[in-house]
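[1] Pasting the sequence and the predicted coordinates here, then a few questions.
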Amino acid sequence: MAHHGMSCALCGDSMIAASASVSLNAKPGADPRAGARVFATRGLTKTYRMGEVTVQALRGVDFDLEAGEFVVLLGPSGSGKSTLLNILGGLDVPTSGEVMYGEKNLTTADEKSLTEYRRSHVGFVFQFYNLIPSLTARENVALVTEIVERPMTPEEALALVGLADRMDHFPAQLSGGEQQRVAIARAIAKRPAVLLCDEPTGALDLTTGVIVLDALDRVNRELGTATVVITHNAAIAGMADRVVRLADGRVVGIETNSHKTAVRDLQW
Ligand SMILES: Nc1ncnc2c1ncn2[C@@H]1O[C@H](COP(=O)(O)OP(=O)(O)O)[C@@H](O)[C@H]1O
Ligand SMILES: [Mg+2]
């Protein structure tokens with residue numbers, strides 16, 4: 001997370017400055033929650049410079065995400081998946097190219113407006129759950145619901161991921177899969193337009209991973225949250241509406257699944 005700089009992906013804040021934020025949706029109809037396209041990136045490039053060395057993480061990526069869509073982003077390690085997700089989520093900025101969120105150009109947005117974007121519009125789920133150990137499941141979710149408008153209650157969010165009977169457990173009293181479902185509940189309790197998940201099952205065994213994917217699938221179906229899930233496990237691809245393959249910083253394939261595979265029927 002160090003390279004994410006001063007932004008907190010969990011609450012969307014840039015440092016602590018939660019100050020009066022400018023609405024991203026000054027124009028009516030600009031909110032993708034109202035329907036249509038959530039993201040459109042065009043010609044996205046990202047170059048990291050580390051001293052003398054430069055790494056070209058993205059080499060011209062066009063990526064679309066429609067409202068309500070479930071997309072799996074597949075590719076080998078180092079292919080640029082996390083870089084793309086972090087740019088979509090406003091945690092990082094491209095070197096060139098454009099990111100549209102609905103009618104809002106994120107590439108030209110100021111820091112205040114990006115903070116509001118991360119805080120209210122995007123839910124993040126990472127491989128390691130980033131729960132606060134001294135807070136219960138309910139309290140971990142409440143941390144986020146306290147800072148946004150019209151959130152779900154922590155109880156509703158936890159019930160949606162199948163944790164109604166684990167609300168008062170501390171992270172150490174929960175399995176890895178349960179902790180990840182708390183992280184999902186925390187991410188969706190603010191009713192984000194989009195849920196961005198970077199290897200959400202990367203630290204889990206197969207059985208537990210399936211339960212976590214099932215929770216993501218349920219959120220997508222019941223709340224209509226547009227979802228991007230990064231994985232290098234091709235088996236997950238069957239549950240997606242669309243699979244976008246990255247290799248060496250480029251989109252090398254896009255497949256649409258005419259029939260989605262139920263999570264329990266995915267073959268590992
Ligand atoms: N903050 C960073 N600084 C320098 N290089 C980075 C940084 N983030 C990613 N990279 C490099 O960019 C390339 C793509 O990384 P990443 O997007 O994390 O790939 P993936 O998520 O597909 O494994 C890799 O070569 C990686 O080492
Ligand atoms: Mg990655």
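    Cool, got the structure. Ligands and ions are numbered 1, 2, ... in the order given.
[2] which residues touch the residue nearest to residue 156 when sequence neighbours are not counted?
    Of all residues not flanking residue 156 in the chain, residue 189 sits nearest, at 7.6 Å (Cβ to Cβ, 6 or more residues apart in numbering). The C-beta positions use only the backbone N, C-alpha and C, and glycine is treated the same way. Applying Cβ atoms under 8 Å, 6 or more residues apart in numbering, we find residue 189 in contact with 141, 144, 145, 151, 152, 153, 154, 156, 157.
[3] Taking those, tell me the two that lie furthest apart.
    Taking Cβ to Cβ, the two most distant members of those are 144 and 156; they sit 13.1 Å apart.
[4] For those two, indicate the residue with more neighbours.
    Taking other Cβ atoms under 10 Å, residue 144 and residue 156 do not tie; residue 144 has more neighbours (22 against 15).
[5] Shouldn't the more buried one be within a helix?
    Yes: the assignment for residue 144 (DSSP: H, G, I helix; E, B strand; the rest coil) places it in a helix.
[6] Pretty sure it sits against residue 151.
    Yes: between residue 144 and residue 151 there is a contact at 7.3 Å, judged by Cβ atoms under 8 Å.
[7] Overlap of the contact sets of those two?
    Residues touching both residue 144 and residue 151 (Cβ under 8 Å, 6+ apart) are 189, 190.
[8] May I ask which of the contacts of residue 189 has the most neighbours?
    Counting neighbours by other Cβ under 10 Å, residue 141 comes out on top of the contacts of residue 189 with 32 neighbours.
[9] list the contacts for that one?
    154, 157, 158, 182, 185, 186, 189.
[10] What's the separation between the residue nearest to it when sequence neighbours are not counted and residue 219?
    Nearest non-adjacent residue to residue 141, counting by Cβ to Cβ, 6+ apart: residue 154, 3.8 Å away. Distance, residue 154 to residue 219, using Cβ to Cβ, to the nearest Å: 15 Å.
[11] What's opposite the residue most central in space within the chain in the beta bridge?
    In the chain, the residue lying closest to the centroid (Cα atoms, centre = their mean) is residue 196, at 1.1 Å. Judged by DSSP bridges, the bridge partners of residue 196 are residue 124, residue 228.
[12] longest helix of this structure?
    In the chain, with assignment by DSSP state H, the single longest helix is helix 206-223.
[13] Can you report the mean pLDDT over the residues of that one?
    In this model, helix 206-223 has an average pLDDT of 93.
[14] swap in stretch 249-259?
    Here the average pLDDT along stretch 249-259 is 95.
[15] Spell out which parts of this protein neighbour ligand 1.
    Listed as neighbours of ligand 1 in the chain under the rule Cβ under 6 Å from any ligand atom: 3, 48, 50, 55, 57, 75, 77-83.
[16] now those: which count as buried?
    Among those, those classed as buried by 16 or more other Cβ atoms under 10 Å are 57, 75, 79, 80, 81, 82, 83.
[17] I would like the residues contacting stretch 250-264, please.
    Here stretch 250-264 makes contact (Cβ under 8 Å, 6+ apart) with 58-63, 70, 80, 210, 213-214, 217, 237-246.
[18] Restricted to strands, list the residues you listed.
    In strands, defined here by DSSP state E, the members of the contacts of stretch 250-264 are 58, 59, 60, 61, 62, 63, 70, 242, 243, 244, 245, 246.
[19] how about the helices in the stretch 101-250 of the chain?
    Secondary structure of the stretch 101-250 of the chain (DSSP state H, counting those that start in this stretch): helices located at 111-121, 137-145, 154-160, 176-188, 206-223.
[20] Perfect, that will be all.
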